[in-house]
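> let's see this in three dimensions:
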Amino acid sequence: MSAAADASSVVSLFAVDPAGFGGVCLRSWVQPARTQWLQMLRELLPEHSPIRRIPFNIAEDRLLGGLDLTATLKANRPIGEQGALAATDGGVVVVSMAERLTMRTAAHLSAVLDDGEVAAQREGFRLREPARIGIVALDESMSEDEHVPASLLDRFAFLVDLNSGGPRVLPEAGHDAVRILEARSRMPRVRASSDIIAALCDAATALGIGSVRASILTLKAARALAALAGRSTVTQEDAAAAGRLVLAPRATTLPPPAANPGSDGDRRSQPSPPDGAGDPSPSNGPPESSAAQEADLKDVVLAATRAAIPPGLLARLCADVERGTRGGGSTGRAGALRKSASRGRPLGVRGGIPRGNARLNVIETVRAAAPWQRLRGRGQQGDCRLRILSGDLRVTHFQQRTQTLTIFVVDASGSSALNRLSEAKGAVELLLADCYVRRDQVAVIAFRGKSAELLLPPTRSLVRAKRNLAGLPGGGGTPLAAAIDGAWSVAGQAQRRGDTPVVVVLSDGRANVARDGSGGRDKAHADALQAARRLRQLGIDALFVDISPRPNPLAGEIASAMAARYVPLPHANARALSSVVTASVNAAR
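Numbers count the residues shown, from 1 in each chain. The predicted structure follows:
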């Protein structure tokens, strides 16, 4: 069966029981196939089933419900307002740009899917309403690091990808709304044997799927397929089809090909019955027969699922694991997240008096004061003033993504300085090529002779970086302590600006110039350790790249003192260095 036919089958299955299946993650840009998929869903759902589209940044009170401010002020008593989820009870919620959902909104949606109701509590007001809904999450991500929150994906039965070379037009679902209603009424009476249940669970384990929900949802899909076919029991074909629709998109490992149960080797491996025993009856048959049947069912499900795994899916998963970015990578995003008083994405509203740059949320302040106006005497003797106390004040808190500053500390001493500088130049140029998307900054500190120099102040300019790096000479001593002190100064300034600094040291660790400019390896190494410990106190991420011909224990000691990741890279080139630095910067976010 093709991917297009699978997408059409998902429409029919989801329409049978949207709340029971949780949801569908529809990864697709705006294209005719997505529009057709949503239109087929509207046609298959009963006429009274509402379909409501909500944006990814919907306000919490609009999502869950809360206080109707206008009605409350008019009546001088709390009056509730129904949210979008409760208003869609028995229907489907379509979430646009679901890859941008905040974790807070995803948690609210997950709780509603688990409980089948909306529970909200505000100042002086409590709301609890039924909300048995299914969710269609439209994933419009442009890169692999953008994704729908994992808490929602775990509760969704189906993951459909229309971007992987799919057709522009989908085939018809093959069912109508009447057939869907009949299957919905028949589904509670559909049963599956214990062998099929065990085979589905074993198949999920063989595919590397750790969530129990996946097996439960696969069984539900098999029962829905049987109900659509007018059967009261789940067949082997139903289990195989459910496996390819639910388990295949979740696979993280590729199981080995199953052995042919009808081969001669299998027949030789089976013990023959004793003479005169005859064919055993199902009631007193040996347990091996049930185990063999279960193994056959598992092989059938795995074979169907294996054929449905999208090409390159497992390769991408393995690459993500190697890069350390699976389940929430940070590529293409600048800086770390931190709380802010006045800028960024709103985190929520809290009680408190606005001080400094904090913003007073007037609407939430009035909303908090509205339920208590009758007790405060509003409306008596023509007094229509709104009485607000200090305990009613609400302040909006924000979350801001900071800017990342990568500080290169380059060893320009000795005979191999030219090679090291060329590697640093190439790495800086490769990193700056992504700065327009990542909004990162780069700084370069070079050290040689008796001092360290801020060769390139924080910048995104590729032209400026090339110009400042081009004329740097090499040779002389190794004042490593002065270089680390320079990195400490630049990183401290970045932190005070609210940026996220990352320090990358390229050196062999053989310091021979102390802080005061005097020679001596012992004193120079002790000063370098002291400077490294001071840099560690800033609590920033650091990377020490050992570029000596063989890993140097002195470099490892300095890296440990500054709590840096130690990477021996004796034959570094610009691209390898850029990859290591990029991985370190991503880990810092």
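> pLDDT of stretch 33-43, averaged?
Throughout stretch 33-43, pLDDT has a mean value of 91.
> the residue lying closest to I79 once chain neighbours are set aside and Q82, how far apart?
The shortest distance from I79 to any non-neighbouring residue, by C-beta to C-beta, 6 or more residues apart in numbering, is to A71 (4.1 Å). C-beta: built from backbone N, CA, C; applies to glycine. Taking C-beta to C-beta, to the nearest Å as the measure, A71 falls 12 Å from Q82.
> can you pick out the residue with more neighbours from these two?
Higher neighbour count among A71 and Q82: Q82, with 17 against 14, using other C-beta atoms under 10 Å.
> so who does the nearest residue to that one once chain neighbours are set aside touch?
Spatially, and ignoring its direct neighbours in sequence, Q82 is nearest to G65 (5.1 Å; C-beta to C-beta, 6+ apart). Applying C-beta atoms under 8 Å, 6 or more residues apart in numbering to G65 gives the contacts 80-83, 85-86, 118, 120, 127, 129.
> tell me which of those is nearest to A531?
A120 (53.6 Å; C-beta to C-beta).
> what sits up against the host helix or strand of the closest one?
Per DSSP states H and E: A120 is located in strand 117-122. Applying C-beta under 8 Å, 6+ apart, the external contacts of strand 117-122 come out as 61, 64-67, 83, 85-86, 111-112, 126-132, 367-368.
> who does it pair with, and is each partner parallel or antiparallel?
strand 125-130 (antiparallel) (DSSP bridges).
> just checking, next helix/strand downstream of the strand it pairs with?
Past strand 125-130, the next helix or strand by DSSP H and E is strand 134-139.
> quick revisit: so how do I select the buried members of the contacts of strand 117-122 in ChimeraX?
For the buried members of those, the matching ChimeraX selection, counting by 16 or more other C-beta atoms under 10 Å, is:
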select :61,64,65,66,67,83,85,86,112,127,129,131,132,367,368
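> please report how far the residue nearest to I79 lies from A229.
For A71, the distance to A229 - C-beta to C-beta - is 50 Å.
> before we move on, what about V118?
V118 is 35 Å from A229, by C-beta to C-beta.
> out of these two, name the residue with the larger neighbour count.
Neighbours were counted for V118 and for A229 using other C-beta under 10 Å; V118 has more, 24 against 13.
> who touches the strand or helix carrying A86?
According to DSSP H and E, A86 maps onto helix 84-87. Residues from elsewhere that reach helix 84-87 (C-beta under 8 Å, 6+ apart): 50, 52, 54, 58, 62-65, 93, 109, 112, 118, 129-131, 133.
> what's the most distant pair in these?
I58 and P130 (19.6 Å).
> and stretch 375-394, how far out from the chain middle?
45 Å (C-alpha atoms, centre = their mean, to the nearest Å).
> list the buried residues for it?
376, 378, 388, 392-394.
> so of the residues you listed, which ones are in strands?
Of those, the ones assigned to strands by DSSP state E are R394.
> return the closest of the buried residues of stretch 375-394 with respect to C25.
R394 (34.7 Å).
> what's the pLDDT at the closest one?
84.
> if I pick the spatially closest residue to it that is not a sequence neighbour, what's in contact with it?
Of all residues not flanking R394 in the chain, E364 sits nearest, at 3.9 Å (C-beta to C-beta, 6+ apart). For E364, the contacting residues are 349, 394, 396, by C-beta under 8 Å, 6+ apart.
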